[in-house]
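**Q** Turn this into a structure:
(chains A and B)
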Amino acid sequence: MADLSINFAGIKSPNPFWLASAPPTNMGSMVERAFDAGWGGAVWKTLGEPITNVSSRLAGLDYGGNRLIGLNNIELITDRPLAVNLKEIYECKKKYPDNAVIVSLMVESKREAWHEIVKKSQDTGADGFELNFGCPHGMSERGMGAAMGQVPEYTCMVTEWVKEVSTLPVIVKLTPNVTHIVPPGQAAQRGGADAVSLINTINSVMGVDIDTMIPYPNVNGMAAHGGYCGTAVKPIALNMVSELARDPEFNIPISGIGGINTWRDAVEFLLLGAGNVQVCTAVMHYGYRIVEDMIDGLKNYLDEKGFASVTEIIGKSVSRVTDWGNLDLNYDVKAHVHEENCIRCNLCYVACEDGAHQSFEFREVDGKRYPFVIEAECVGCNLCYLICPSPGAITMERRDAGGPAQSWRDRTSGKS
Amino acid sequence: MEKAFCTPLDITQIEKNFAEINPAMTAAEAGIEANRCLYCYDAPCLHACPTHIDVPSFIKKIASGNLHGSARVIFDANPIGATCARVCPVEVLCEGACVEKTLLKKPIEIGRLQRYATDYALANSKQIFTQGEANGKSVGVVGSGPAGLSCATYLARLGYDVTVYERREKAGGLDTYGMAEYKMSQAVSLAEVEHIERLGVKFLTNTEIVGQDAAEAGVSKTAIHSTLRFKELSDAHDAIFLATGLGKTNHLNISGEDLDGVIDALAFIEQVKTRDWKSIPLGQTVVVVGAGNTAVDALTQAKRLGGARVIMVYRRTEKDAPAYEYEIELAKKDGIEFVWQATPVEIIADNTSGRVALLRCEKTDGSGRVFDIPCDMVIKAVGQQKMRGFFESVAGVDVDEKGRVVINDQMQTSDPKIFAGGDCANGGAEAVDAAQMGKLAAMGIHKSLSGEIVTFAGAAIKKPEKSPAHAH
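**A** Numbering: from 1, shown residues only, chains lettered A, B, ... in the order given. Okay, the predicted model is just below:
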């Protein structure tokens, strides 16, 4: 049975599944229940000067009858007194010495303020800190959260302040609300961070009630932009994780966050360079219990693939991510319809006709009309394969001779 | 009706037995089911529907919360879409063709979704279509069943002054009088008629069309019933659409057919439609002769009313039964007994009461064995007669060897002014088939009277065409 334990930037955890700093880690009793359910670690809901929240605070994105493929929130950091949180962290860590407890922090941008909260928090027995430089709503208006993470100089500076007094590993949580993720990541590294975590939530307006014409979430007739998370943000997170992972100047661990629902999602983050993963929205939707299949599925996957430890897969796909200019222009795939699996919904036909390259026609096979790929027209875009509802009905088949690769860079630099 | 010859059940139990077999969907059910639809292109369900309703379109409109638009798509192709949602043999039509049947062995519940959208329109009195600007021409429609209602609707949309003549008290034909009560109540059919009435279609009920030689035409002094000579009708309108359906139930042509306790299936079903449960004739042992869909309706309803033993007698084998397989399955589930390969030869009366006591049958399996089924009720469900006489001598149109009105693809009869559709022209099919013929007839009538070609939704299926730039 594969070993799931990790040592992330000096923080030991029985498995790579941590709860992200959010409502599921609001207090001791919750974190303890999460550990009982199997979570390896938890990043406590951000400590700071207690705030007052609004009601309501969340809004969901539904699609095709599925609830909450995306979630947005305007909840702020903890609204509980610092002393209460610190006491519960202490008790929790004492009770669960093998689980990782990370304290998330956010205070005003003053050296003394950061020194003070770090000092107060590290006596709790916690395993590390996460600096919340990512929260995009509310706190950022007060010069905190994303307001830090969006300016690499601030990120570096505050990280330095924390490192001046911290005896624990420091993780810097990055905001995705930047054009390019590498500069803030490098800034955190420069400031002495032991690791980064990403992504925090994305600026978003979730929608508008078309009857009242009030956007969501409605706070007495008004709304504010909030932080977007959940299933729908996973590709954005994967991109940012892999961008940092493949940056040659960046070499501290990455905690992957964003739209992780299952062990499969987790494996993808690990393959693209995350050293562990953090989960929130899926737990808010289904509860702590989801970790059971995450652990079970990950173990089975590793066993099946012949890996003895989860650490062996970290970063395994990073070298497979490159710039477009390096992709092989000679590689050629074509869609192929397998009539025996085709249910004749014709979605491939219309998708190709109206959304791609008009590469389908209908042909009769045994008296039934099937979509058929005209290979001369097919550009191998994948669209039909992606929308086909019937497993095995469309495959993408390699058609080039497998000769030498040639990229756009090769071509423009005169390489043949 | 004496107490002995009716349902033994209490009303609560009967109401339970006659609860809708396909109940209305909740909003949650409809949402989930609508989202399950793949939205196929050039979809097989659309092909399978005789009226070619754009099924994926109306389902996606349910999913998007556009119920008004969904009902429009349905009623545009089928003016009796609410009826068809309940009584169509969807298992062999749209749902039978659904690709989800291939993928998951579970087709989308198209019938119930159609009901969901059309119920919304009818319950909220949504006027989906409006009467066309009057074009000064009038059309008389004989019969207010599916074909008549459909034709009248499209003609009204085109601006014709349409009058529907119906000999019964209520409009709707078999929609109103002939559907198994657990599939659809009369109220639905009547709501649909009302929906069509709001397009300006006039319904003259209790009005029978008779020939020149009929003894007396006009309003009868003794009844509400009135008669109208076909010639008057023909003179009053620019075109006539015949949608008279079929005639009376066929005879068994055996002795004892006139006995007390012998009834024809349509009359029995019609009685059930009243929901006046205690007045519906019902024996303790009921034999239904025939194995068509009407026979099944009679069997299952006799059983649901509380018939202790309900038996089907059919001259051929189970696999020859003309009823849909799923209807036979329903009958089995309801506890119907089956006597295959036997034909009734005599109905024998009880000596004292004079009522049916025995149905004497003969095996048709070659053995020739004769046996008796003790019973106190016999329901005849051996098909309906054609109204050859009416068409030949009253309407004066050609009829084929099977007694069907001869029509061309415009639904035009041998008399260019007269069109026909529905059971009278196709020999007896589904309501949805009649609806399509009504639609085609309206197009034919319009072309004949105005020279203009109009194409209503689902009149024909448009084949997907390659975009010209990439045609191969």
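
**Q** For B:T207, give me phi and psi.
**A** B:T207 adopts backbone torsions of phi -120, psi 120, taken as degrees, to the nearest 10.

**Q** Could you find the closest non-adjacent residue to it?
**A** Leaving aside its sequence neighbours, B:T207 sits nearest to B:Y165 (Cβ to Cβ, 6 or more residues apart in numbering or on different chains; 4.9 Å). The way it works is simple: take the backbone N, C-alpha and C, and place the C-beta from them, glycine included.

**Q** show me the contacts for that neighbour.
**A** B:Y165 is in contact with B:140-144, B:204, B:207, B:209, B:228, B:233, counting by Cβ atoms under 8 Å, 6 or more residues apart in numbering or on different chains.

**Q** Export those residues as a markdown table, with columns for secondary structure and pLDDT.
**A** Listed next are those as a markdown table, based on DSSP: H, G, I helix; E, B strand; the rest coil; pLDDT from 0 to 100:
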| residue | secondary structure | pLDDT |
| --- | --- | --- |
| B:G140 | strand | 98 |
| B:V141 | strand | 98 |
| B:V142 | strand | 97 |
| B:G143 | coil | 97 |
| B:S144 | coil | 98 |
| B:L204 | strand | 96 |
| B:T207 | strand | 94 |
| B:I209 | strand | 92 |
| B:L228 | strand | 90 |
| B:L233 | helix | 93 |
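
**Q** Narrow these to those that are buried.
**A** Restricting the contacts of B:Y165 to buried positions leaves B:140-144, B:204, B:207, B:209, B:228, B:233, with burial counted as 16 or more other Cβ atoms under 10 Å in any protein chain shown.

**Q** Look up how far chain B lies from the residue nearest to A:G355 when sequence neighbours are not counted.
**A** Spatial nearest neighbour of A:G355, excluding adjacent residues (Cβ to Cβ, 6+ apart): A:L383 at 6.1 Å. To chain B, A:L383 is 14 Å away according to Cβ to the nearest Cβ, to the nearest Å.

**Q** correct me, but A:L383 touches A:A356?
**A** Yes: judged on Cβ atoms under 8 Å, A:L383 makes contact with A:A356 at a distance of 4.8 Å.

**Q** would you say B:E133 is within a helix?
**A** No: counting by DSSP: H, G, I helix; E, B strand; the rest coil, B:E133 is located in no helix; its state is coil.

**Q** Return the residues in contact with the residue nearest to A:G355.
**A** Contacts of A:L383 (Cβ under 8 Å, 6+ apart): A:351-352, A:355-356.

**Q** want to throw those residues into TSV with pLDDT and secondary structure?
**A** Formatted as TSV, the contacts of A:L383 follow (pLDDT from 0 to 100; DSSP: H, G, I helix; E, B strand; the rest coil):
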residue	pLDDT	secondary structure
A:A351	98	helix
A:C352	98	helix
A:G355	97	helix
A:A356	96	coil
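
**Q** hmm, which of these are the buried ones?
**A** Buried among the contacts of A:L383 by 16+ other Cβ under 10 Å: A:351-352, A:356.

**Q** Quick check: the gap between the residue of the stretch 1-150 of chain B found nearest chain A and B:I62.
**A** Per Cβ to the nearest Cβ, B:N35 is where the stretch 1-150 of chain B lies closest to chain A, at 3.3 Å. Distance from B:N35 to B:I62, counting by Cβ to Cβ, to the nearest Å: 9 Å.

**Q** More neighbours: these two, which one.
**A** B:I62 (25 against 19; other Cβ atoms under 10 Å in any protein chain shown).

**Q** element containing that one?
**A** Counting by DSSP states H and E, the element that carries B:I62 is helix B:55-63.

**Q** hmm, that helix touching chain A?
**A** Yes: figure legend: helix B:55-63 in contact with chain A (Cβ under 8 Å from any Cβ of the partner chain); contacting residues B:A63.

**Q** Tell me how far that helix lies from the chain's centre.
**A** 25 Å (Cα atoms, centre = their mean, to the nearest Å).

**Q** Now do the buried residues in it.
**A** Buried, per 16+ other Cβ under 10 Å, within helix B:55-63: B:55-63.

**Q** same question, stretch B:262-272
**A** Buried-residue list, stretch B:262-272, by 16+ other Cβ under 10 Å: B:262-266, B:268-272.

**Q** Let's see it as CSV, backbone CA atoms only.
**A** Only the C-alpha atoms of stretch B:262-272 are listed here, as CSV (Å, rounded to 0.1, in the frame of the first residue of the first chain):
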residue,chain,number,x,y,z
VAL,B,262,-73.3,-7.0,-23.4
ILE,B,263,-71.7,-3.7,-24.2
ASP,B,264,-69.3,-2.3,-26.7
ALA,B,265,-65.9,-1.1,-25.4
LEU,B,266,-66.2,2.5,-26.6
ALA,B,267,-69.6,2.8,-24.8
PHE,B,268,-68.0,1.3,-21.7
ILE,B,269,-65.0,3.6,-21.8
GLU,B,270,-67.3,6.6,-22.3
GLN,B,271,-69.2,5.7,-19.2
VAL,B,272,-66.0,5.5,-17.2
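
**Q** So what touches that stretch?
**A** Applying Cβ under 8 Å, 6+ apart, the contact partners of stretch B:262-272 are B:177-181, B:248-249, B:256, B:279-281, B:288, B:290, B:294-295, B:297-298, B:301-302, B:305, B:347, B:356, B:377-381, B:384.

**Q** In helices only, show me the residues you listed.
**A** Among those, DSSP state H puts B:177, B:294-295, B:297-298, B:301-302, B:305 in helices.

**Q** and the residue of the stretch 1-150 of chain A nearest chain B?
**A** A:G65 (3.3 Å).

**Q** what about that residue, neighbour count?
**A** 13.

**Q** From what I see, it and B:A63 are in contact.
**A** Yes: under the criterion of Cβ under 8 Å, A:G65 makes contact with B:A63 at 7.3 Å.

**Q** what do those two both touch?
**A** B:31, B:34-35.

**Q** Which single one of those residues is nearest to B:G173?
**A** B:A34 (31.0 Å; Cβ to Cβ).

**Q** thinking that closest one is in contact with B:K60, fair?
**A** Yes: at 7.1 Å, B:A34 counts as touching B:K60 under the criterion of Cβ under 8 Å.

**Q** List the residues that are in contact with both of these two.
**A** Common neighbours of B:A34 and B:K60 (Cβ under 8 Å, 6+ apart) do not exist.

**Q** what's the domain layout of the chain?
**A** Since you didn't name a chain, this refers to chain A. A:6-320, A:324-412 (automatic domain parsing).

**Q** Let me rephrase: I mean chain B.
**A** B:22-123, B:138-247+B:385-450, B:262-380.

**Q** Rebuild the ones you listed as a markdown table, extending it with distance to A:P391.
**A** Output for these, formatted as a markdown table (distance: least, Cβ to Cβ, whole Å):
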| stretch | distance to A:P391 |
| --- | --- |
| domain B:22-123 | 9 |
| domain B:138-247+B:385-450 | 34 |
| domain B:262-380 | 29 |
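
**Q** Over to the spatially closest residue to B:V210 that is not a sequence neighbour. Which of the three states is it?
**A** For B:V210, the nearest residue in space outside its immediate sequence neighbours is B:T227; the separation is 4.8 Å by Cβ to Cβ, 6+ apart. Using three-state DSSP, the three-state assignment for B:T227 comes out as strand.

**Q** is it true that B:T227 touches B:Q212?
**A** No: in this structure, B:T227 is not within contact of B:Q212 by Cβ under 8 Å, at 11.9 Å.

**Q** So for those two, which sits in the more crowded spot?
**A** Taking other Cβ under 10 Å, B:T227 and B:Q212 do not tie; B:T227 has more neighbours (19 against 12).

**Q** Could you measure from that one over to B:F18?
**A** For B:T227 relative to B:F18 (Cβ to Cβ), the value is 35 Å.

**Q** Please apply the same query to A:L244.
**A** Distance from A:L244 to B:F18, by Cβ to Cβ: 68 Å.

**Q** Looking at the two, which has the bigger crowd around it?
**A** A count of neighbours by other Cβ under 10 Å puts A:L244 above the other of A:L244 and B:F18, at 27 against 19.

**Q** give me the element the nearest residue to B:G422 once chain neighbours are set aside is part of.
**A** In space, and not counting its chain neighbours, B:G422 is closest to B:A147: 2.9 Å by Cβ to Cβ, 6+ apart. Using DSSP H and E, B:A147 sits within helix B:146-157.
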